[in-house]
Every structure is written in C-alpha cells, then in structure tokens.
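**Student:** quick one: sequence and predicted model below, then my questions.
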Amino acid sequence: MGQRIPLLEVKDFTLQFKQYGRGLKQIETRVISGFTLDVHAGEIVAVVGASGSGKSLLAHAILGILPSNAATGGSLKFKGEELSQSLKERLRGKEISLIPQSVSYLDPLMTTGKQIESPLRKAANAVKSVMNRFQLGDDAKNKYPFQLSGGMARRVLIGTALTSGAELVIADEPTPGLHKSMVDETLGSLKELAALGRGVLMITHDIDLAFVVADRIAVFNKGLTVEVADAKAFEASPDNVKHPYSKALWHALPQNGFHSVRGKDYGEEIDAGCDAGEEDDA
C-alpha cells in the first residue's frame, strides 16, 4: 500500500518581510525559516510555541492572506498540489477553513445568523443548531458583530468554521477568552472533525490544550520546527522528546514545576506560555 498523501504538506517553508529602514534603505526580516510539517486526514496537529513567534503567519500563508511586502520560499501543498495564490483563493473558506485569532474577521455588515448561514448554505434549522451548540441565544441571530461581547463573537467564528464542510480546518489560538465550558466544546468539536476524516491544524501557545486534543505536536521556536512528537508521549515525560527547547517547554508547565530554565543546554529562558486564558465571556 502506498503512503498516504497528506492533506497539508509544509516543507522547508520560509517567510520574510521587506521593510524600509533609515534613509529609505530596504531591509528584509525573516520570521520563519525551514518550517516543515504535515497534516493527514483524520488527525490533529498542534503547532506550539511562544506568543508572538510568528505561528499565525503560517496560517495566513496557507490561506493566501499575507501582506504585499511578504516573500515566501519552500513548498506548501494541499492534497499533493502546490498552493498557488489562485488555488488558495479558490479553496479558502471552502476546502480550507480558518478559526482566526481576531474577532475582526467577522463581517461588520452581516448579522450573526447570516455569517453562520453563509458557508452552510442550509436551512434556518441548521443555523439554529449551530447557535444552540455554542450557547448563542435566539436574540444573537440578528445582532451585528459590534453588538456582541468578545466571547460571543469568538463563538460565532468557531461555529462558522467548524460547520463549513472544509477538509482542513486551521484553528489559530481558538480558545482565549472563552469560559471553560466553551473551551471544552471547541476542543470536542475539533476532535469530532478529525473523527469525520478531516484534518486540523491547531496553532497555540498553550501546550496543555495541545495535550488534550492533538495527535502530534510540532514545537516551534524562532521560526523553526525544532521537533514533531507524539502528543501523549510528550505529555508523559520530557525524556520522550529530543530537543532541549521541547524539554524546557515540558518543565515550564505548572504541573511539572513551572520552571524557567536558563543555561548552555537551552540557550535561553523558557517561560511557561501556557496560561489558560479561560475567563467568563458572558
């Protein structure tokens, strides 16, 4: 039997930005270097790294929504086909769906009900089912984004993406600001998608969430994939991962001592970027 073709294949991916420095001198800033991972149908792969490390830019590159001063290298493939900009635009919101980090992705001129209904193209009862699942009352259906709380707006984004029918769902920090019940519902929904044969790429700084939901964890540091490890093995012991940065992340977790490690073996201090971000979003 031949090897399965991944839904998403990222190989030696690089990303840099052209900017102007002093005196109109143009400089290039590289934020991702040699990033490699794959996501197969039926699995959840989590990309874990510090906040502000550039993880979200990978999602934007896959979807083709990078700013005009971005330059990329390496390879991005969907189901074995190179992702050109035109293909990204055709797949975006259909075969590849995004749960974005920012609620600003909601259309300010469209009501909640219409935003959920748009990718579904289904009857009103389907919209009602989604809204009930994510605890959005009947009155929220006719509200515009500016009328929603931050937590409600995030739930609309999650509900819309998870019911889009996409084969690949990219969840970019999907849970900050949500009540624990909604965090659990969101993670459960991601697991359901994988059980249905879809692929999920979850981008997060919260390694504890990755342990709960992911099959594999790609550890991201300074624009590089330093290691891809089995999530359950990684959770059990730092001895199950090879890279010093991965080991340091494990030791930085609260249940493992909440240690920040500095020294020649790690090269830098690793802080536990694993705050739950779970607060009441009523």
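**Tutor:** That came in fine, so what should we check first?

**Student:** now the helices for the stretch 101-250 of the chain?
**Tutor:** 112-120, 124-133, 150-162, 180-195, 207-213, 231-236, 244-252 (DSSP state H, counting those that start in this stretch).

**Student:** pLDDT of the first one, averaged?
**Tutor:** Along helix 112-120, the predicted confidence averages to a pLDDT of 72.

**Student:** list the contacts for the closest residue to residue 153 other than its chain neighbours?
**Tutor:** Among residues not flanking residue 153 along the chain, residue 103 sits closest, at 4.0 Å (Cβ to Cβ, 6 or more residues apart in numbering). Quick note: C-beta positions are derived from backbone N, CA and C, even for glycine. Counting by Cβ atoms under 8 Å, 6 or more residues apart in numbering, residue 103 touches 145, 150, 153, 154, 157.

**Student:** for the residues you listed, which single residue is the most surrounded?
**Tutor:** residue 154 (27 neighbours; other Cβ atoms under 10 Å).

**Student:** list the contacts of it.
**Tutor:** 103, 174, 177, 178, 281.

**Student:** filter those down to the ones in strands?
**Tutor:** Nothing among those maps onto strands, per DSSP state E.

**Student:** what's the local residue count around residue 85?
**Tutor:** Counted with other Cβ under 10 Å, residue 85 comes out at 9.

**Student:** what's the pLDDT at it?
**Tutor:** 94.

**Student:** quick check, pLDDT for the closest residue to residue 105 other than its chain neighbours.
**Tutor:** Counting by Cβ to Cβ, 6+ apart, residue 157 is the residue found nearest to residue 105 once chain neighbours are left out, at 6.5 Å. pLDDT, residue 157: 81.

**Student:** am I right that residue 157 is in contact with residue 104?
**Tutor:** No - contact criterion Cβ atoms under 8 Å: residue 157 and residue 104 do not qualify, at 10.1 Å.

**Student:** in stretch 88-97, what's buried?
**Tutor:** 88, 91, 92, 93, 95, 96, 97 (16 or more other Cβ atoms under 10 Å).

**Student:** that older thread, residue contacts, the residue nearest to residue 105?
**Tutor:** 99, 100, 103, 105, 106.

**Student:** mind listing the residues bridging to the first one?
**Tutor:** Note on residue 99: beta-bridge partners residue 171, judged by DSSP bridges.
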